[in-house]
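1. what follows is a predicted structure for the sequence shown.
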Amino acid sequence: MKIESIAIIGAGAWGTALATVALRAGRKVTIWAYEPETARAINSHHENTAFLPGIPLDESIHATHDLHRAADADAVFLATPAQHLRATTQALAPALPPRTPAIICAKGIESRSGCLMSEVVHEALPKAPLAVLAGPTFAAEVAREQPAAVTLACADAETGEALISALGTRHFRPYLSKDVTACEIGGAVKNVLAVASGIVIGRGMGENARAALVTRGMAEMVRLGTAKGAQAVSMMGLSGFGDLLLTCTSAQSRNMSLGIQLGEGGALEDILGHLNTVAEGVFTAAPVVSLARRIGVEMPICEAVDQVLNHGADINKTIAGLLNRPFTNEAGNP
């Protein structure tokens, strides 16, 4: 298998950054944009002024609003927001040749179904070889060619190796894994925990508290992942611990920034109203908690975030509830 042309389905910040990566790796690149004006801006001004402003794009990167044109590629990278992935892949399905690899770059769990992103894509594209790309990456840094490393998880070794060869560069280093579930759970749960991390900072609770929350949050992530069939060691890698570390320690993170504003007393509706991108943790909290309850996994931090975001829980009372939990054994219990 040789991959010479790549379609990026989704022209947000991350999709645009991935287009720059693929081009630097020597691939022919097309970006599909949901908004026609975004496609026009990329083609006319060679910049994604709406979602990745200030970063020039090579003139050979072409954008289109036509999914059928975008589908004419050796591989498609699915970089739309998680809650729109089903509709996008269903629309893409008639145009995509059956064995074209589909690489999931969205991080989340579908709200209405509780499905992982691979389950969503498999329903729409049942014959497509699937992979998941995740890891500690801020789009602007990747687009500026600052060094980054990611996990590329794929059950099929041949497809995975071809994708690594097609995308890897000196500054963008993909590490191959077969543990697709670990990659997905890590990418989804870390966004919920980043909201919690932001609340800790916004409330002025200190760095000790944040370190404790991130560590215990990692334990929740591993419990959920292993209950879904992932290997614990996989979740200590780039798409688990690495992504969690980045997202929970930098205000560049949309989810952490949202949490900081909540912790400072901001109203969720007002905060969301000022965002022009998606904070996936807001939409992922409820399905993460629902999935955990369904398979018998206790996730008190994620449950607390869900209560604050979706049930109007008072932040101070919610924090008090976490701090009043019984002391227990670190190794094996919640």
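-> Yes, it's here.
2. ok, the residue nearest to the spatial centre of the chain - contacts?
-> Nearest residue to the geometric centre of the chain (Cα atoms, centre = their mean): Lys107, 2.7 Å. Lys107 is in contact with 82, 117, 134, 184, 187-188, 190-191, 280, 284, counting by Cβ atoms under 8 Å, 6 or more residues apart in numbering. Every residue, glycine included, has its C-beta placed from N, CA and C.
3. go on, Gly114?
-> Gly114 is in contact with 287, 290-291, 294, counting by Cβ under 8 Å, 6+ apart.
4. and those residues, which is closest to Leu176?
-> Of all these, Leu176 sits closest to Leu291, with 26.4 Å by Cβ to Cβ.
5. dihedrals phi and psi, the residue lying closest to the closest one once chain neighbours are set aside?
-> Closest residue to Leu291 apart from its sequence neighbours, by Cβ to Cβ, 6 or more residues apart in numbering: Gly114 at 5.3 Å. Backbone torsions of Gly114, given as degrees, to the nearest 10, read phi 80, psi 10.
6. pLDDT weak spots in the stretch 201-334 of the chain?
-> 332-334 (pLDDT under 70).
7. any idea which of the contacts of Lys107 is least confident?
-> Lowest-confidence member of the contacts of Lys107: Glu280, scoring 88 (pLDDT).
8. need the strands for this structure, in chain order.
-> Using DSSP state E, the strands of the chain run over 5-9, 28-32, 62-64, 75-78, 102-104, 130-134, 148-154, 172-177.
9. would you mind saying which of those strands lies nearest Pro300?
-> The nearest among those, by Cβ to Cβ, is strand 130-134 at 24.3 Å.
10. what are the contacting residues of stretch 144-152?
-> 20, 24, 55, 103, 131-137, 141-142, 160, 163-164, 167, 171-177, 183, 237-239, 242.
11. for the strands of the chain, give me a markdown table that also has mean neighbour count and distance to Gly273.
-> Below are the strands of the chain laid out as a markdown table (neighbours: other Cβ atoms under 10 Å; distance: least, Cβ to Cβ, whole Å):
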| stretch | mean neighbour count | distance to Gly273 |
| --- | --- | --- |
| strand 5-9 | 25 | 27 |
| strand 28-32 | 24 | 27 |
| strand 62-64 | 20 | 27 |
| strand 75-78 | 27 | 27 |
| strand 102-104 | 26 | 29 |
| strand 130-134 | 27 | 28 |
| strand 148-154 | 24 | 31 |
| strand 172-177 | 19 | 34 |
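12. of those strands, give the one that comes closest to Ala209.
-> strand 130-134 (26.6 Å).
13. list the helices and strands the closest one packs on?
-> Helices and strands touching strand 130-134, as assessed by 3 or more Cβ pairs under 8 Å, 6 or more residues apart in numbering; DSSP states H and E, comprise strand 102-104, helix 117-124, strand 148-154, helix 157-167, helix 180-202.
14. try 6 Å
-> Contacts defined by 3 or more Cβ pairs under 6 Å, 6 or more residues apart in numbering; DSSP states H and E place strand 130-134 against strand 102-104, strand 148-154, helix 180-202.
15. want to throw the strands of the chain into TSV with distance to Ala209?
-> Compiled in TSV, those are given as follows (distance: least, Cβ to Cβ, whole Å):
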stretch	distance to Ala209
strand 5-9	39
strand 28-32	41
strand 62-64	44
strand 75-78	36
strand 102-104	33
strand 130-134	27
strand 148-154	28
strand 172-177	32
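16. quick one on the thing from earlier: from the contacts of Gly114, which ones fall inside helices?
-> Here DSSP state H is the test, and the contacts of Gly114 give 287, 290-291, 294 as lying in helices.
17. are any of those buried, and which?
-> Neighbour-count burial (16 or more other Cβ atoms under 10 Å) applied to these gives 287, 291.
18. ok, so of the ones in helices among the contacts of Gly114, who is nearest Leu96?
-> Nearest to Leu96 out of the ones in helices among the contacts of Gly114 is Pro287 (Cβ to Cβ; 26.2 Å).
19. now do the contacts for the nearest residue to the closest one once chain neighbours are set aside.
-> Excluding the flanking residues, the one nearest Pro287 by Cβ to Cβ, 6+ apart is Ile109, at 4.1 Å. Counting by Cβ atoms under 6 Å, 6 or more residues apart in numbering, Ile109 makes contact with 188, 284, 287-288.
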